[in-house]
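K.L.:
Build the 3D model from these lines:
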Amino acid sequence: MSRKLRVRQAQTVLPFGVGAVLDIQGESFVATGIGDWPALRQPVDAPRLAARLWASGFYAAPATLNDLYDKPDAPGAPYIRFPTWLFCGACRRMTRWRIADETPGTPPSCPGCSPRRPLVPMRFVQICKAGHLSDVDWWYWAHSHLEPAERQSCRTRDRLSFRVEKRASGLEALSVVCGAPGCRDGSRDLLDVLGAHGLRCTGRNPWQRNSEAVTCREAVQVVQRTAGNLYYPVVHSALDIPEAEATGAVEGAVADQVRASSLWLALCRAPEAPSAPVLRQLLQDETEADDALLDAMLAEETGIPAPGDDGTPDGPLYPDLSREEWAAFTEPEPEATRDFVVRHTGLGLDQEDQPPWSVLRERIGRVVLADRLREVRALQGFTRVSPDATFVPADTARRLRWLPAVEVFGEGIFLTLDEDRLREWENEPAVRHRAAGIRGDLDRSFQKDRLHVRTGPVMAPRFILLHTLAHLLIRQLSFDSGYTTASLRERVYAREDHAQAGLLVYTAAGDAAGTLGGLVQQGEQPLLAETLLRLVEAAAWCSADPLCAEHAGQGYGNLNRGACHACALLPETSCETGNTLLDRVLVIGGDGVPGYFQDVVTGAREAAAGLEE
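P.N.:
The predicted model follows:
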């Protein structure tokens, strides 16, 4: 029976985008570069995101119900078989599978067994910091303990077998054995296969031709093909919002004149175009702005460096897309479009004068319900070994300027904190000291460039507070709204330099789970107030306390404090910072640090005690 291998359209960006390895039904594939995508692809409109990524546009892979990766000219994003070294579970013979051996719709099978048994992909592959991926040279591995002269005496490379020793356990029980005639002692187990062993990098990825290989001198690392460091995608997302004017951080009379000029918008749209010097000169003649002011305003407006000489970025870009979205949500009379429908509401606590409701009302600013949202997610490229390694673009040939993307429709809840009370809380010495500890760990982290786009140049306590609050809100809404935590996403607006203090929780699933309609309903009065009260009460207790709340640094790179899987962490697809920069103590207080919602927790406990009496 021919099998059907399916990948949803949204998965062609994340998690199975260009360069990712996909295991499915006992077979293994790798997603090829966009240069191999079919011509029949769907355009995705997102001009704001395209301008920030220096992309000519976005395209989505054709939607398909049955994605046969090994069938030529099939719809959908192309995948090729990887690793190419396979072995038979019955006779243990290893086979180097080639494209010419493929039979569309049929998995590989062992030619030496009767009846034919399926071939299984080898568990280990090799990667390097330059972003290359290839098979392990298993012939070399089997002979690597021999002297070079003894190794070269074996001239047959296709007589390998993958053996299992019953009297041993773990990787020591596995070995690669050369069965070529005359080969002496061509065998080695896999006890120390993981790591670097002096293997040579092929200088390319599996979908690239031999002519595209480059000389690579990076050290090769052998990892499992499903290892976490094999693939780090660089994915960007933006909401489809109406054009909104945002207040800039660069202020002054001259800056206001520049923004009011008709030439400013033209310069922002093409800051590196041949006409840009002429526009700059005309703008300077009109407003008397100097080059330093224009450079600062352009950097603030675009938030990205200039592209390389070939028109594509030399590395991953991390543009700040929050300013326009913040302005769109906080607009007193928001403009509705086909894909952006929002309305202002409240907690419904105006008549409440008793804690905890009155205290909760004083700490929340505005509530905005998004009845319809459209999000575009684009894959710029990926890295291997570590997130700060060499960036590989989605088009490895660097000939195309468009990027793969998908669009997701859904709904969301946007809320802000009261600015006056937030600033008063942020000025508490204990709060600033605790935030400074996390900020110090962030400055030492290799993720600081990516995360500083979210936090601002200097991470304020409000970011940690709002980020943790967003996680707690998602966990609570998963009980009330009908969505799973993986179906919800966050966007944190907490850059102090842009006077932001809010968060957005919205649907993230691209299938039926994103159209249930229950999220906005939970934002109506008085449901949202009850949800907020329950989440701060739940946050006051964790099954890992007191260890969790008093932790001096946990999580990846010690970028979390009071946050663990029992209280605050989410699926990483739901978090825009990869489950980092979280601290439950800043929400509910503890360890001598006042929490922003600490009085709400206290009021709820006192009210509950009064009811019991």
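K.L.:
Look at stretch 347-355 and report the distance between its end residues.
P.N.:
Counting by Cα to Cα, to the nearest Å, you get 14 Å between the two ends of stretch 347-355.
K.L.:
Name the residues of that stretch that are buried.
P.N.:
Within stretch 347-355, the residues that count as buried by 16 or more other Cβ atoms under 10 Å are Leu347, Gly348, Leu349, Glu352, Pro355. (Glycine included, C-beta is placed from N, CA and C.)
K.L.:
among the residues you listed, which are in helices?
P.N.:
Members of the buried residues of stretch 347-355 lying in helices (criterion: DSSP state H): none.
K.L.:
Most widely separated two among those residues?
P.N.:
Gly348 and Pro355 (16.3 Å; Cβ to Cβ).
K.L.:
Quick check: which of the buried residues of stretch 347-355 has the minimum pLDDT.
P.N.:
In terms of pLDDT, the lowest of the buried residues of stretch 347-355 is Glu352, showing 83.
K.L.:
Report the contact partners of that residue.
P.N.:
By Cβ atoms under 8 Å, 6 or more residues apart in numbering, the contact list for Glu352 reads Ser358, Arg361.
K.L.:
Surely Leu422 is in a helix?
P.N.:
Yes. Residue state for Leu422 (DSSP: H, G, I helix; E, B strand; the rest coil) corresponds to a helix.
K.L.:
ok, now how distant is it from Gly502?
P.N.:
10 Å (Cβ to Cβ, to the nearest Å).
K.L.:
Just give me the neighbour total for Glu606.
P.N.:
Residues within reach of Glu606, counting by other Cβ atoms under 10 Å, total 12.
K.L.:
so how far is the helix or strand hosting it from its chain's centroid?
P.N.:
Following DSSP states H and E, one finds Glu606 within helix 598-612. In this view, helix 598-612 has its centroid 39 Å away from the chain centroid, taken as Cα atoms, centre = their mean, to the nearest Å.
K.L.:
what do you get for stretch 231-246?
P.N.:
In terms of Cα atoms, centre = their mean, the centre of stretch 231-246 is found 12 Å from the chain centre.
K.L.:
now swap in stretch 438-453 and tell me
P.N.:
16 Å.
K.L.:
which helices and strands does the helix holding Glu606 pack with?
P.N.:
helix 357-363, helix 527-539 (3 or more Cβ pairs under 8 Å, 6 or more residues apart in numbering; DSSP states H and E).
K.L.:
which parts of the last one are buried?
P.N.:
This means helix 527-539. Leu528, Ala529, Glu530, Thr531, Leu532, Leu533, Leu535, Val536, Glu537, Ala539.
K.L.:
Same check on stretch 431-439?
P.N.:
Val431, Arg434, Ala435, Ile438, Arg439.
K.L.:
CA atoms of it as PDB?
P.N.:
The C-alpha coordinates for stretch 431-439 follow below in PDB (Å, rounded to 0.1, in the frame of the first residue of the first chain):
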ATOM      1  CA  VAL A 431      12.200  45.700  41.700                       C
ATOM      2  CA  ARG A 432      15.000  47.400  39.900                       C
ATOM      3  CA  HIS A 433      17.700  45.300  41.600                       C
ATOM      4  CA  ARG A 434      15.900  42.000  40.600                       C
ATOM      5  CA  ALA A 435      15.400  43.200  37.000                       C
ATOM      6  CA  ALA A 436      19.100  44.200  36.900                       C
ATOM      7  CA  GLY A 437      20.200  40.600  37.700                       C
ATOM      8  CA  ILE A 438      18.200  39.300  34.700                       C
ATOM      9  CA  ARG A 439      19.500  42.100  32.500                       C
END
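K.L.:
Can you tell me the closest non-neighbouring residue to Leu360?
P.N.:
Nearest residue to Leu360, sequence neighbours excluded (Cβ to Cβ, 6 or more residues apart in numbering): Val600, at 5.1 Å.
K.L.:
Show the pLDDT at that neighbour.
P.N.:
Confidence at Val600, expressed as pLDDT, is 91.
K.L.:
Looks like it contacts Val536 (just checking).
P.N.:
Yes. Using Cβ atoms under 8 Å, Val600 makes contact with Val536 at a distance of 5.3 Å.
K.L.:
if I look at Thr580, how far off is Ser445?
P.N.:
Thr580 is 8 Å from Ser445, by Cβ to Cβ.
K.L.:
who has more neighbours, these two?
P.N.:
Thr580 (23 against 19).
K.L.:
Would you enumerate the residues in contact with the more buried one?
P.N.:
Gln447, Leu451, Gly555, Tyr556, Gly557, Leu559, Asn560 are the contacts of Thr580 under Cβ under 8 Å, 6+ apart.
K.L.:
Return the residues in contact with the nearest residue to Arg92 once chain neighbours are set aside.
P.N.:
Excluding the flanking residues, the one nearest Arg92 by Cβ to Cβ, 6+ apart is Ser161, at 4.8 Å. Residues counted as contacts of Ser161 (Cβ under 8 Å, 6+ apart) are Phe87, Cys91, Arg92, Arg93, Met94, Val176, Val177, Gly179.
K.L.:
one more time with 10 Å, if that's ok
P.N.:
87-88, 91-94, 142, 175-179, 187 (Cβ atoms under 10 Å, 6 or more residues apart in numbering).
K.L.:
Are any of those buried, and if so which?
P.N.:
When these are checked for burial by 16+ other Cβ under 10 Å, the buried set is Phe87, Cys88, Arg93, Met94, Ala142, Ser175, Val176, Val177, Cys178, Ser187.
K.L.:
Next step: these restricted to helices.
P.N.:
If you go by DSSP H, the buried ones among the contacts of Ser161 have Ala142 in helices.
K.L.:
Let me know the closest of the buried ones among the contacts of Ser161 to Thr215.
P.N.:
Checking these one by one against Thr215 (Cβ to Cβ), the nearest turns out to be Ala142, at 26.0 Å.
K.L.:
Give me the common contacts of Leu422 and Gly502.
P.N.:
Gly365, Thr416, Arg462, Leu466, Ala494.
K.L.:
buried ones in stretch 199-213?
P.N.:
Result for stretch 199-213 [16+ other Cβ under 10 Å]: buried residues Leu199, Cys201, Thr202, Gly203, Arg204, Asn205, Pro206, Trp207, Gln208.
K.L.:
Next, the distance between the ends of that stretch.
P.N.:
Across stretch 199-213, first to last residue, Cα to Cα, it's 16 Å.
K.L.:
How about stretch 386-398?
P.N.:
22 Å.
K.L.:
Going by neighbour count, list what's buried in that stretch.
P.N.:
For stretch 386-398, the buried set under the neighbour-count rule, 16+ other Cβ under 10 Å, comprises Pro387, Asp388, Ala389, Thr390, Phe391, Val392, Pro393, Ala394, Asp395, Thr396.
K.L.:
Alpha carbons of stretch 475-493, as CSV, please.
P.N.:
Output of stretch 475-493 as CSV, limited to C-alpha atoms (Å, rounded to 0.1, in the frame of the first residue of the first chain):
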residue,chain,number,x,y,z
ARG,A,475,-2.2,29.2,30.7
GLN,A,476,-5.4,30.4,32.4
LEU,A,477,-7.2,31.0,29.1
SER,A,478,-6.4,27.5,28.0
PHE,A,479,-8.8,26.3,30.7
ASP,A,480,-11.6,28.8,29.9
SER,A,481,-11.5,29.5,26.2
GLY,A,482,-11.4,26.1,24.5
TYR,A,483,-7.9,26.6,23.1
THR,A,484,-4.8,24.7,24.0
THR,A,485,-1.7,26.6,25.1
ALA,A,486,0.0,25.7,21.8
SER,A,487,-2.9,27.3,19.9
LEU,A,488,-2.3,30.7,21.6
ARG,A,489,0.6,33.2,21.1
GLU,A,490,1.8,36.3,22.8
ARG,A,491,3.1,39.7,21.6
VAL,A,492,4.6,41.8,24.4
TYR,A,493,4.7,45.6,24.0
